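> Sequence first, predicted model second:
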Amino acid sequence: MTMQRDVHDELRARLHEAADAHQPNRERMLARIERGMAGQERTDHRATRPPLWGWARIVSATAAVAGMLAVGGYAVASAVKDEPPARQTVSVSPAPVESPQATSRPPASPEVTPSSGGGEREPDEPSSPPSKTAKASPSGTPAADLLPATDDTENGPLWSDGSVDPHSNDFWAQSNVTIKTSEQLTALTVQLRIAQTGGVSSTGAWRSPPEDDFALTVAERDGFLVYTWVLKEGRTVPKGEWVFAGQYDHDRGGRDAKDDTYTVSAAWDGEEGLVGGDFAAHDDDEGDS
């Protein structure tokens, strides 16, 4: 008994000595704690998965919202369907009604724009160079009545002359009718007749009096290209010298103007008279009186 007790006492003493000598390993303890906590987190993560009844609740809520939207859409469609569509009207222009006078009116006489070589000029200004920018085709309407031909270049206050412009060439020409009057004219008609010698066609016309004072007709009559200027009613031509010119193309080569003529009809102070002639050269002293 005594021996056994001594053994226990000796063992107890050694255990106390070992306990006093033990130094805890702090790092190992912390590592063990961290491993234990990590294992617990994985266990908790698996335990927090949503149960099946949670998904069923989400699906039910979604179906309820979709149903409400469908019912609302149906109600809106029904309300729109019940309203009758607005009536639309389309304006249609009435069919054009042809006037009975539309085909009975004669076409207006064509006005011929003066060429760039024409325009207003003083009697002593040199004649204009050829210009083809104001081409005018002969009118399809009947020309003014042909005035009677005459060889009298002077009559009362009137004097006249016909000449081919010096700027004419092998393809183009201009014929000038010059008149002088010592009285104011209350009526005036100037007619220029160009014989059709081949390829003769109008390219324009001009006059030195104001353009708005005259009506111009260009037409082909009896083998002639006829230019006719007529003073408008209520207009007058003052004293002075005036030029009326017709421009035209012709076949290549020098053109013979021997068959070209002109006539001028005028009225002044209650009297009337005619002058006219051809396009042959005249002496310079003619018409000086």
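Done, it's in. Residues are numbered from 1 along each chain as shown.

> Would you tell me what the next helix or strand after the one helix or strand W242 maps to is?
Using DSSP states H and E, W242 maps to strand 240-249. Following strand 240-249 in sequence order, the next helix or strand is strand 261-268 (DSSP H and E).

> Could you give the average pLDDT over stretch 152-162?
Here stretch 152-162 scores 97 as its mean pLDDT.

> ah, wrong one, I meant stretch 237-256
Here stretch 237-256 scores 96 as its mean pLDDT.

> now do stretch 28-48
On average, the pLDDT along stretch 28-48 is 67.

> Hmm, D152 is touching V264, no?
No - between D152 and V264 there is no contact under Cβ atoms under 8 Å: 10.1 Å. Using the backbone N, CA and C atoms, a C-beta is placed for each residue, glycine as well.

> Which strands or helices does the strand holding W242 pack on?
Here strand 240-249 touches strand 172-181, strand 187-195, strand 201-207, strand 224-231, going by 3 or more Cβ pairs under 8 Å, 6 or more residues apart in numbering; DSSP states H and E.

> hmm, back to that, overlap in contacts of D152 and V264?
Jointly contacting D152 and V264 under the rule Cβ atoms under 8 Å, 6 or more residues apart in numbering are L274, V275, G276.

> Redo those residues as TSV? Include neighbour count, distance to V177 and pLDDT.
TSV is the format used below for the shared contacts of D152 and V264 (neighbours: other Cβ atoms under 10 Å; distance: Cβ to Cβ, whole Å; pLDDT from 0 to 100):
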residue	neighbour count	distance to V177	pLDDT
L274	17	13	97
V275	24	10	98
G276	23	9	98
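
> As TSV, these with distance to E211 and secondary structure would be great.
TSV is the format used below for the shared contacts of D152 and V264 (distance: Cβ to Cβ, whole Å; DSSP: H, G, I helix; E, B strand; the rest coil):
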residue	distance to E211	secondary structure
L274	24	strand
V275	23	strand
G276	23	strand
